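# Please find the sequence and the predicted model below.
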Amino acid sequence: MKHTISILAASATLGAAQAAMAQTEVEFWHAFTGRLGELVAEQVDTFNAAQSDYKVVASHKGNYSETLNAGIAAFRAGEQPDILMVFEVGTATMMAAKGAVKPVHEVMAAAGADFDQSKYIGSVKGYYTSPDGNMLSLPFNSSTPVLWVNRDKLSEAGIDPDIDLTTWERVGAALDDLKAAGVDCPLTTAWQSWVHLENFSAYHNTPFATMENGFAGTDTELAFNGPAQVTHIGAMGEWAKDGKFIYAGRRNEGGANFRAGECAFFTESSAGYAGINAEAEFDFEVRPLPYWEALVSEPQNTIIGGASLWVMEGQGDEEYKGVAAYLNFLSSPEIQAKWHQDTGYLPITAEAGDLTRSQGFYEANPGTDVAVIQMTAKEPTANSKGLRLGSFDQIRGIIDEELEAVWSGDKDAQAALDSAVERGNVLLRRFEQASR
Amino acid sequence: MEKRVKFKGIWLPILLVLPQILITAVFFFYPAGQAIWQSLFIPDPFGLSMQWVGLGNFEFLLSDRYYRASFVTTAVFSILVTVVSMGVALYLAVLADRLVRGSGTYRTLLIWPYAVAPAVAGVLWLFMFNTRVGVVTWYLGLLGYDWNHVLNEGEAMGLVVIASAWGRISYNFLFFLAGLQAIPRSVIEAAAIDGAHFWTRFRTIVFPLLSPTTFFLLVVNIIYSFFETFGVIHTITSGGPQQATTILVYKVYSDGFVGQDLGSSAAQSVILLAIVSLLTVVQFKYIERRVHY
């Protein structure tokens, strides 16, 4: 931060006692409000109180898209923060911005900080690592989709709440029974593209895009119109037509329906835990995301959603040391374990997961480890490391539009996915050209 | 008898219009020039590099059938918003004009919605029509109608039109009422004595005499529906379902701020600028001829 010196100068002229302990300010822009915003502030306060060399100043800059845009605008004006929170779909944009971002592993090395990259959970950090295995940004909040179940709704419909729901075949049969019993909302979802195409593809070990989902280069093309995805979206389309799958909106609008106790099943992020736990006045349960038995004998791992912290170029060495200290602080087992338990986000290091287990959290809160197991049970393949696609936020918009055409019965699954792939590829080519 | 002030010399008049020129230059010519310049490049989001593509961005846009479809959506949306907001406002103004008592209260109440920001208006309407907890949705359900603007394209368009037109009715109402009150009573009374009924008087006297106001409102409302309805669309539908409510200005936002494709976004701004200039020229050249001042 460019104003640090003048602020220090001002405090020195005022004869303030703090002048003796010259603090370096580290500016951190994030996208969290409400409970999550409070937890971020708590982390910052803990860090600031624990040492006196650096002072982290956190600012909320709007939602994920707005925070990214604020960071971009600030960089263009030469006023960028030290740390910028960017959601996972912005990863390719940030990676392409060489000269605007400083890879985390370089920041750590330059600051001489202790940084063991093997401590971080593979399927979490994989989304944010370079092809040679170095971490480019630090995962901050990561979650993965799971199946939320309203057990009371199942009982009311005369279904055993402990029924096996590991496969979509079994879920489909349960949906038939729920509909027959007069349940208005058997299944709803949040983030349809993320759950039912992106994670679906990884979970069934099928490519979402060519070139290892974009990890191997920007000349990637979308590939989610394959038979596996068409099977799933086709089945969802049938359920929508029969009133078994209720579409509530492009974001997490379906959450309101589920938390109010109207829906039996809900596919949503594991981080929905805090909200559901606070609001649901019924017996709920977390189950692993179902898979199609007809397609795979057992599922691969799911991929993450959420955001990571990027370090911006153009700051002084002292500030980068402060950044390194803060990122290391965030990665420490105690802070990570607390974050994981408070929010339902995944721990970013194995140590934090172990600490949480040894504290007895998973036993006291059954189901909170489902997401962790689902993410880490298998070593990720080229199809399940994550996605690295340019303009991906906008491509998700296209996918939303085409899926809406399936839910409303305007298009069949194959036609809609073909169209989404074709339209998305145009944007990928634009991105490839822009980042050349 | 005209009275004109004549300035001696040139410097004083220049000095007097200078503030206006400066403001226009800083807030209009400079950004518009920047948009035109940027539309010729594909820049990366962070401004680290720029590639000259000439008219490539325009080719890219116009070859996209979804972008072309957005023109139709915008036309439908603008016409509906303009017709609904002006029609209702004229009807209310005619009623208010005939009121003898309580017209002050009536007028004040009608002006209120204008004070509500488009985004807030969007949220208010969204709550009423929320597919799960909306009051209107609930009543429609009692009547056996299943309202679902989340998937039904026609209903989504209807909802954004109502939400956009609603706040605008107040503004139009004010102008229509002022226009009606400026019509000389004697003309209307003379017609009444000749036996013309209310509807005949409205059609042959009031409406033609109101035409300058109507014309002004037509221009202003079309420009409003092109640009200022962004907040309503963003809060209610985000352009969906599918692309049913993606108007041109929403696509500028989505390409520029969601896709970080500033080249395409700038090119779309230039196209919008051209459309609005063209519309205004057409309106002044052809429609104004039929306006009686």
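Alright, I've got the coordinates.
# show me where pLDDT drops low in the chain?
Just so you know, I chose chain A. Low-confidence segments of chain A (pLDDT under 70): A:1-21.
# looking at chain B here, not the other one
B:1-4, B:292-293.
# For residue A:360, the count of nearby residues, please.
Residue A:360 has 9 neighbours, counted by other Cβ atoms under 10 Å in any protein chain shown. C-beta coordinates here come from the backbone N, C-alpha and C atoms, glycine included.
# Which stretches in the stretch 201-350 of chain A count as helices?
Secondary structure of the stretch 201-350 of chain A by DSSP state H, counting those that start in this stretch: the helices cover A:210-213, A:227-241, A:254-259, A:273-279, A:317-331, A:333-343, A:350-358.
# What does the closest residue to residue A:96 other than its chain neighbours show for phi and psi?
Excluding the flanking residues, the one nearest residue A:96 by Cβ to Cβ, 6 or more residues apart in numbering or on different chains is residue A:435, at 3.7 Å. Main-chain torsions, residue A:435, degrees, to the nearest 10: phi -100, psi 10.
# do residue B:170 as well
Per-residue torsions, residue B:170: phi -60, psi -50 (degrees, to the nearest 10).
# so which of the helices of the stretch 201-350 of chain A comes closest to chain B?
Of all these, helix A:254-259 sits nearest to chain B, with 6.0 Å by Cβ to the nearest Cβ.
# Summarise which helices and strands the closest one is packed against.
Contacts defined by 3 or more Cβ pairs under 8 Å, 6 or more residues apart in numbering or on different chains; DSSP states H and E place helix A:254-259 against strand A:185-189, strand A:263-269, helix A:273-279.
# what about 10 Å?
Helix A:254-259 is packed against strand A:145-150, strand A:185-189, strand A:263-269, helix A:273-279, with contacts defined by 3 or more Cβ pairs under 10 Å, 6 or more residues apart in numbering or on different chains; DSSP states H and E.
# How far away from the center of its chain is the last one?
Okay, so that is helix A:273-279. Averaging C-alpha positions (Cα atoms, centre = their mean, to the nearest Å) puts helix A:273-279 18 Å from its chain's average.
# Report the contact partners of residue A:355.
Residues near residue A:355 by Cβ atoms under 10 Å, 6 or more residues apart in numbering or on different chains: A:332, A:333, A:334, A:336, A:337, A:338, A:340, A:341, A:347, A:349, A:361.
# just residue A:295 next, same as before
Residues touching residue A:295, when contacts are defined by Cβ under 10 Å, 6+ apart, comprise A:167, A:168, A:200, A:203, A:204, A:205, A:206, A:227, A:228, A:229, A:231, A:232.
# 8 Å instead, please
Contacts for residue A:295 were tallied using Cβ atoms under 8 Å, 6 or more residues apart in numbering or on different chains; they are A:204, A:228, A:231.
# Spatially nearest residue to the residue in chain A that chain B sits nearest to (excluding sequence neighbours)?
In chain A, the residue that lies nearest chain B is residue A:394 (3.7 Å; Cβ to the nearest Cβ). Nearest residue to residue A:394, sequence neighbours excluded (Cβ to Cβ, 6+ apart): residue B:259, at 3.7 Å.
# What backbone torsions are found at that neighbour?
Torsion angles, degrees, to the nearest 10, at residue B:259: phi -90, psi -10.
# List the contacts of it.
By Cβ under 8 Å, 6+ apart, the contact list for residue B:259 reads A:391, A:393, A:394, A:427, B:265.
# hmm, back to that, including mean neighbour count and distance to chain B, could the helices and strands packed on helix A:254-259 go into JSON lines?
As requested, those are exported to JSON lines (neighbours: other Cβ atoms under 10 Å in any protein chain shown; distance: least, Cβ to the nearest Cβ, whole Å):
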{"stretch": "strand A:145-150", "mean neighbour count": "26", "distance to chain B": "16"}
{"stretch": "strand A:185-189", "mean neighbour count": "25", "distance to chain B": "9"}
{"stretch": "strand A:263-269", "mean neighbour count": "26", "distance to chain B": "11"}
{"stretch": "helix A:273-279", "mean neighbour count": "16", "distance to chain B": "14"}
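# Need these in JSON lines (columns: distance to residue A:246).
Output for the helices and strands packed on helix A:254-259, formatted as JSON lines (distance: least, Cβ to Cβ, whole Å):
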{"stretch": "strand A:145-150", "distance to residue A:246": "13"}
{"stretch": "strand A:185-189", "distance to residue A:246": "5"}
{"stretch": "strand A:263-269", "distance to residue A:246": "7"}
{"stretch": "helix A:273-279", "distance to residue A:246": "17"}
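# And the ones you listed: which comes nearest residue A:303?
Comparison of the helices and strands packed on helix A:254-259 against residue A:303 by Cβ to Cβ identifies strand A:145-150 as nearest, at 9.1 Å.
# Give me the helices and strands touching that closest one, please.
By 3+ Cβ pairs under 8 Å, 6+ apart, strand A:145-150 packs against strand A:263-269, strand A:284-287, helix A:370-376.
# Identify all contacting residues around the next helix or strand after that strand.
Once strand A:145-150 ends, the next helix or strand along the chain (criterion: DSSP states H and E) is helix A:151-156. Helix A:151-156 is contacted from outside by A:160-161, A:163, A:174, A:178, A:181, A:183, A:261, A:263-264, A:282-285, using Cβ under 8 Å, 6+ apart.
# Of the residues you listed - the most surrounded one?
Neighbour counts for those (other Cβ under 10 Å) peak at residue A:264, which has 31 neighbours.
# Now for that residue: which residues touch it?
By Cβ under 8 Å, 6+ apart, the residues touching residue A:264 are A:149, A:150, A:153, A:154, A:157, A:174, A:178, A:183, A:185, A:186, A:187.
# Grab the longest helix from the chain for me.
Chain wasn't specified; assuming chain A. helix A:413-434 (DSSP state H).
# Chain B is the one I meant
Using DSSP H to define each element, chain B has its longest helix at helix B:65-98.
# Any idea which of the helices of the stretch 201-350 of chain A gets closest to residue B:208?
helix A:254-259 (52.4 Å).
# Could you export that closest one as CSV, CA atoms only?
Only the C-alpha atoms of helix A:254-259 are listed here, as CSV (Å, rounded to 0.1, in the frame of the first residue of the first chain):
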residue,chain,number,x,y,z
GLY,A,254,-33.7,-23.7,-4.0
GLY,A,255,-32.1,-23.4,-0.5
ALA,A,256,-35.1,-21.4,0.8
ASN,A,257,-37.5,-24.2,-0.3
PHE,A,258,-35.4,-26.8,1.4
ARG,A,259,-34.8,-24.9,4.6
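# Thank you, goodbye.
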